[in-house]
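Visitor: Mind folding the following:
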Amino acid sequence: MNETLDRWAAGIAAHDPKAVAALFTEDAIFQGLHPYGVGRDAVAAYYDSQPPGLTAKYDVLETRRLADDLLLMYLSVDFSFTDRPTITVNLSVLLNKGLIAHYQVSRL
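Guide: Prediction:
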């Protein structure tokens, strides 16, 4: 498992958008299931709009080390809610020095 992604999932479960956003670079490109945004403020706003009780369980499917401080990861993520069915997505993240620089979700 990856420490950054573990903290990302914990921040989501705690409904702490600022803690989640702190895991992203200041200029991160973020594409959740809504229109994309850039930067930590966009990430925080996205997760602030999510309902309390949301959790994220992920499985790393592939990783590629592109450079010493650059890691590409491809994951399957189950986002679970308290009041509706779980959504399973594919997630690509690019970690730059341990921070998420690019995040893109696609629904299955």
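Visitor: can you give me the strands for this protein?
Guide: 24-31, 37-38, 55-67, 70-80, 87-96, 99-107 (DSSP state E).
Visitor: Mind putting these into TSV with distance to residue 16, mean neighbour count and mean pLDDT?
Guide: For glycine as for every other residue, the C-beta is placed from the backbone atoms N, C-alpha and C. Formatted as TSV, those follow (distance: least, CB to CB, whole Å; neighbours: other CB atoms under 10 Å; pLDDT from 0 to 100):
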stretch	distance to residue 16	mean neighbour count	mean pLDDT
strand 24-31	14	18	98
strand 37-38	18	15	97
strand 55-67	13	12	97
strand 70-80	16	16	98
strand 87-96	19	18	97
strand 99-107	16	16	97
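Visitor: Any idea which of those gets closest to residue 5?
Guide: strand 55-67 (6.1 Å; CB to CB).
Visitor: Return the distance of the closest one from the chain's centre.
Guide: Remark: strand 55-67 is offset 10 Å from the chain centroid, using CA atoms, centre = their mean, to the nearest Å.
Visitor: re the thing from before, would you reformat the strands of the chain as JSON lines and include distance to residue 2?
Guide: Output for the strands of the chain, formatted as JSON lines (distance: least, CB to CB, whole Å):
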{"stretch": "strand 24-31", "distance to residue 2": "14"}
{"stretch": "strand 37-38", "distance to residue 2": "23"}
{"stretch": "strand 55-67", "distance to residue 2": "7"}
{"stretch": "strand 70-80", "distance to residue 2": "7"}
{"stretch": "strand 87-96", "distance to residue 2": "8"}
{"stretch": "strand 99-107", "distance to residue 2": "10"}
